[in-house]
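*Asks:* Pasting a predicted model and its sequence here:
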Amino acid sequence: MASKSKDLFARRQTRVRARIAKHSRGRLRLSVFRSSKHIYAQVIDDVAGRTLAAASSLEKDLRSSLKSGADKAAAAAVGKLVAERAKAAGVSAVVFDRGGYLFHGRVKALADAARAGGLKF
């Protein structure tokens, strides 16, 4: 059963990345990784192969202010922080890469906070 769910996740991830590559029009990619204990986000330039901005719930200043690294509040804080860092790096428009995760819960909270922080996607 576990391998079937991993296969489905990988298929979903491949499908999302293919759509992003087709419709990105040269925009940078805001990629999200969600583990059981933390959430991570980074703005990636796929052409140059560089990460321009990153944030996670593991960072010391965030960790002290959060109850948990695996809830919607943590995701919103990470979204706001990655948006601030992306704006500081000169990035205003990105394409959202949710990976194989469904767009609800923590992933949606991160996306909404990044939009509120000034990123357009």
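*Replies:* Thanks, I have the structure now. Residues are numbered from 1 along each chain as shown.

*Asks:* CA only for contacts and neighbour counts going forward, please
*Replies:* Will do.

*Asks:* what comes into contact with the longest helix along the chain?
*Replies:* Identified as the longest helix of the chain according to DSSP state H is helix 2-23. If you take C-alpha atoms under 8 Å, 6 or more residues apart in numbering as the criterion, helix 2-23 is touched by 95, 97-101.

*Asks:* Same question for stretch 82-96.
*Replies:* With C-alpha under 8 Å, 6+ apart as the criterion, stretch 82-96 contacts 20, 24, 27-31, 41-43, 52-55, 111, 114-115, 117-121.

*Asks:* Give me the subset of those residues that lies in helices.
*Replies:* 20, 111, 114-115.

*Asks:* Skipping adjacent residues, who's closest to the residue most central in space within the chain in space?
*Replies:* Nearest to the geometric centre of the chain sits residue 32, at 2.6 Å (C-alpha atoms, centre = their mean). In space, and not counting its chain neighbours, residue 32 is closest to residue 41: 4.6 Å by C-alpha to C-alpha, 6 or more residues apart in numbering.

*Asks:* how close does the one you found get to residue 5?
*Replies:* Residue 41 is 23 Å from residue 5, where distance means C-alpha to C-alpha, to the nearest Å.

*Asks:* higher neighbour count, the two?
*Replies:* Each of residue 41 and residue 5 has its neighbours counted (other C-alpha atoms under 10 Å); residue 41 has more, 26 against 10.

*Asks:* how about that one, what does it touch?
*Replies:* By C-alpha under 8 Å, 6+ apart, the contact set of residue 41 is 30-33, 54-56, 78-79, 82.

*Asks:* List only buried entries from those.
*Replies:* Among the contacts of residue 41, those classed as buried by 16 or more other C-alpha atoms under 10 Å are 30-33, 54-56, 78-79, 82.

*Asks:* I'd like those laid out as CSV, including distance to residue 105.
*Replies:* Below are the buried ones among the contacts of residue 41 laid out as CSV (distance: C-alpha to C-alpha, whole Å):
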residue, distance to residue 105
30, 17
31, 16
32, 13
33, 13
54, 20
55, 18
56, 16
78, 14
79, 13
82, 18
